[in-house]
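1. Fold the following and give me the result.
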Amino acid sequence: MLPTPRTTDSPPWRTLALLAALVVAAHALVLQLAPMRFGLAADGTPKAAPALVIRSIEAPPVDVVAAPAKALPAPVPKPRPKPRPKPQTPSPATLAPPPTQAVVEVPAPLEAPALSPEEALADAVAALPANSIAESSTVTGNGTQTATIDAPAPAASAPALVQAPPPRPVPTRVTAMTLPGSVQLKYKMNGEAKGLTYYANAELNWRTDGAAYDASMRVSALFLGSRSMASIGRVGEAGLVPQRFTDKSRSEVAAHFEADKGLVTFSANTPSAPWVEGAQDRVTVFLQLGGMLAANPAVFPPGTNISMYTVGPRSADMWTFQVEGDELLKLPYGELATVKVIRQPRRDYDQRVEIWYAPSLGFLPVRNRITQPNGDFVDQQLNSVDRP
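-> Numbers count the residues shown, from 1 in each chain. Got it, this is the predicted structure:
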């Protein structure tokens, strides 16, 4: 038997009619109110807009205060002229005494600056103080010693004080001289300057025919360049007589020995110095000193002083050496018996110079050592000897 299908009851028609009437009424109400919402009256005419009222607010008036007038400065009264003083004649008791000519002792110059490595190498060439900066006084052409001092100015100008010139320098008298034959000496060098340790090579070339001579010293170091000094002149009864001395590094300066004029002149435009018999330069001083020792060693026992008037590239001064005694040295050349000669510093900033001469080599200089006041030094030791 088949099941009976279920049927759905449809809503009653009255309900549907009521819903339709409500929908129609709602539409009618909306259509009636829409014109009023958008500014239209119920009859469709435009609705008058409400009047716009603008209200302005006025600020209260501000009282303007006038700036006070700038007061003029009061006139400055003119000072009354002071009465002119009557001239008074001072009495003799009130007159100022004339300025006194004070004798000012010339102080030693300031300490010389520390030398650069290149300047230290130049010292090894010279084996004497490197330049006139380290000299307390320089002998000029008229025999006077020049120096610069800062003295307080007197109240009134005083006439220049004239001092009598000091005596001309007198070197140690040469009684005998034995000079070596032509030779070339080569040296190994080491030193220290401003904390820098350096190594260099040097050579001394000495040529002579018995009547004239030509001597030169050259020092060269890697990265430091080279420097050379040379001397030419004649050989006399008292040893070497220089005629021209040159010092060349970046540029060349020279000293000319003009014996006929009694002067030594300098190309560096420094004041001339007096020429004296026995004057040497910074190359020949090595050989002249050795020749004096070689001629008669017994005349120069330990403690003997030997003074030499030595000319540099810009000035001249007296140097005094002292024979210290015998010393055995071990050098790159070999072991040698030597005689040591020293130059002690005279002032706090002077260099200490030490020279060793070998009697077996004709009293040639086989070692030189220069020590600066600050501890810097250069040491030159013989490495080889070549004879023509």
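2. Skip ahead from the helix or strand hosting residue 241 and say which helix or strand is next.
-> According to DSSP states H and E, residue 241 maps onto strand 239-248. Downstream of strand 239-248, the next assigned helix or strand under DSSP H and E is strand 252-258.
3. List the buried residues in that next one.
-> The neighbour-count check on strand 252-258 (16 or more other C-beta atoms under 10 Å) flags 253, 255, 256, 257 as buried. Backbone N, C-alpha and C define where each C-beta goes, glycine included.
4. which one of those residues is nearest residue 375?
-> residue 253 (28.5 Å; C-beta to C-beta).
5. Quickly note the distance from the closest one to residue 182.
-> According to C-beta to C-beta, to the nearest Å, residue 253 stands 27 Å off from residue 182.
6. and if you look at residue 349?
-> According to C-beta to C-beta, residue 349 and residue 182 sit 38 Å apart.
7. How about residue 288?
-> Residue 288 is 16 Å from residue 182, by C-beta to C-beta.
8. quick one, which of those two is more surrounded?
-> Using other C-beta atoms under 10 Å, the more surrounded residue of residue 288 and residue 182 is residue 288, with 25 against 14.
9. Now name the helix or strand holding the more buried one.
-> Per DSSP H and E, residue 288 falls inside helix 284-295.
10. between that helix and strand 239-248, how many degrees?
-> 150 degrees (axes from the mean of the first three to the mean of the last three C-alpha atoms, to 10 degrees).
11. which outside residues touch helix 284-295?
-> 127-128, 172, 174-180, 204, 206, 213, 215, 231, 233, 239-240, 242, 280, 300, 306, 308, 310, 319, 321, 323, 339, 341, 355, 357, 359, 362-365 (C-beta atoms under 8 Å, 6 or more residues apart in numbering).
12. pretty sure residue 248 contacts residue 227?
-> Yes. Counting by C-beta atoms under 8 Å, residue 248 does reach residue 227; the two are 7.0 Å apart.
13. The two - which one has more neighbours?
-> With neighbours defined as other C-beta under 10 Å, residue 248 and residue 227 compare such that residue 227 has more, 24 against 16.
14. List the buried residues of stretch 268-276.
-> Quick answer for stretch 268-276 (16+ other C-beta under 10 Å): 270, 272, 273, 274, 275, 276.
15. again, but for stretch 327-336
-> Buried-residue list, stretch 327-336, by 16+ other C-beta under 10 Å: 329, 331, 333, 336.
16. What of stretch 304-318?
-> Applying 16+ other C-beta under 10 Å to stretch 304-318 flags 306, 308, 309, 310, 311, 312, 313, 314, 315, 316, 317 as buried.
17. Quick check: strands, which of these are part of them?
-> Counted as lying in strands by DSSP state E, out of these, are 306, 308, 309, 310, 311, 316, 317.
18. Report the contact partners of the second one.
-> Taking C-beta under 8 Å, 6+ apart as the criterion, residue 308 is in contact with 171, 172, 278, 280, 285, 288, 289, 318, 319, 320, 321.
19. let's go with 7 Å and repeat that
-> 171, 172, 280, 285, 288, 289, 319 (C-beta atoms under 7 Å, 6 or more residues apart in numbering).
20. ok, and the most crowded of the residues you listed?
-> residue 280 (27 neighbours).
21. I'd like the distance between that residue and residue 344.
-> Where residue 344 is concerned, residue 280 sits at a distance of 19 Å (C-beta to C-beta).
22. Among the contacts of helix 284-295, name the ones in strands.
-> Short answer: the contacts of helix 284-295 in strands (DSSP E) are 204, 206, 213, 215, 231, 233, 239-240, 242, 280, 306, 308, 310, 319, 321, 323, 339, 341, 355, 357, 364-365.
23. what's next to the helix or strand where residue 202 lies, contact-wise?
-> Assigned by DSSP H and E, residue 202 belongs to strand 196-208. Applying C-beta under 7 Å, 6+ apart, the contact partners of strand 196-208 are 117, 121, 124, 179-180, 182-191, 213-221, 224, 235, 287, 380.
24. ditto for stretch 320-333
-> 188, 289, 300-307, 335-344, 356, 366-367, 381-384.
25. and the buried residues of stretch 268-276 as JSON lines, adding secondary structure?
-> Converted to JSON lines, the buried residues of stretch 268-276 look like this (DSSP: H, G, I helix; E, B strand; the rest coil):
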{"residue": "270", "secondary structure": "coil"}
{"residue": "272", "secondary structure": "coil"}
{"residue": "273", "secondary structure": "strand"}
{"residue": "274", "secondary structure": "strand"}
{"residue": "275", "secondary structure": "coil"}
{"residue": "276", "secondary structure": "coil"}
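26. got the residues you listed as JSON lines, with pLDDT columns?
-> JSON lines is the format used below for the buried residues of stretch 268-276 (pLDDT from 0 to 100):
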{"residue": "270", "pLDDT": "93"}
{"residue": "272", "pLDDT": "95"}
{"residue": "273", "pLDDT": "96"}
{"residue": "274", "pLDDT": "95"}
{"residue": "275", "pLDDT": "95"}
{"residue": "276", "pLDDT": "94"}
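27. what's the closest of the residues you listed to residue 19?
-> For the buried residues of stretch 268-276, the nearest to residue 19 is residue 270 (136.3 Å; C-beta to C-beta).
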